[in-house]
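**Student:** Sequence first, then the predicted structure, then my questions.
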Amino acid sequence: MANWAKDELIKISSSDDLHISPFRADGVTYGTPTWIWSVVVDNELYVRAYNGKNSSWYKSAISQKAGRITTAGMTHKVIFEQADADANLNDSINKAYRAKYSTSPYLGSMIGDRARSTTVKIVKK
């Protein structure tokens, strides 16, 4: 697995256009790209499911564990990992969401328990 390059993380962090496409059940076909919020914390890329564990993309990402993302003019094959449930990490992710999406009326939902329980780390393949 490759680590994200610093310049890639800077572009991703400043962009608001991340589209996630986990593999479908066949493990080969990419799912329909879904626009989601993303944040970078400690040089790692994280996303959450607004609709919680019932979110289609989240269920696919957790079950298939791979897919691709398109963001900031880049497309990458990636691996999806359930993020560590560590409270300090989740608090840092919440802080990053607050900083990046402070004016959005959806912020409360994205830092609430439902979305917090679906935090996914995206690792570059």
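**Tutor:** Nice, thanks for sending it over. Numbering: from 1, shown residues only.

**Student:** And stretch 95-102, what's buried?
**Tutor:** Neighbour-count burial for stretch 95-102 flags 96-97, 100-101 (criterion: 16 or more other Cβ atoms under 10 Å). (C-beta placed from N, C-alpha, C; glycine too.)

**Student:** What about those, which are in helices?
**Tutor:** In this view, the buried residues of stretch 95-102 that belong to helices under DSSP state H are 96-97, 100.

**Student:** got a list of what the residue nearest to Ala115 when sequence neighbours are not counted touches?
**Tutor:** Nearest residue to Ala115, sequence neighbours excluded (Cβ to Cβ, 6 or more residues apart in numbering): Arg48, at 4.3 Å. If a contact means Cβ atoms under 8 Å, 6 or more residues apart in numbering, then Arg48 has 36-37, 93, 97, 110, 115-116, 118-120 as its contacts.

**Student:** Need the max-distance pair from those.
**Tutor:** Spatially, the most separated pair among the contacts of Arg48 is Ile36 and Arg116, at 14.4 Å (Cβ to Cβ).
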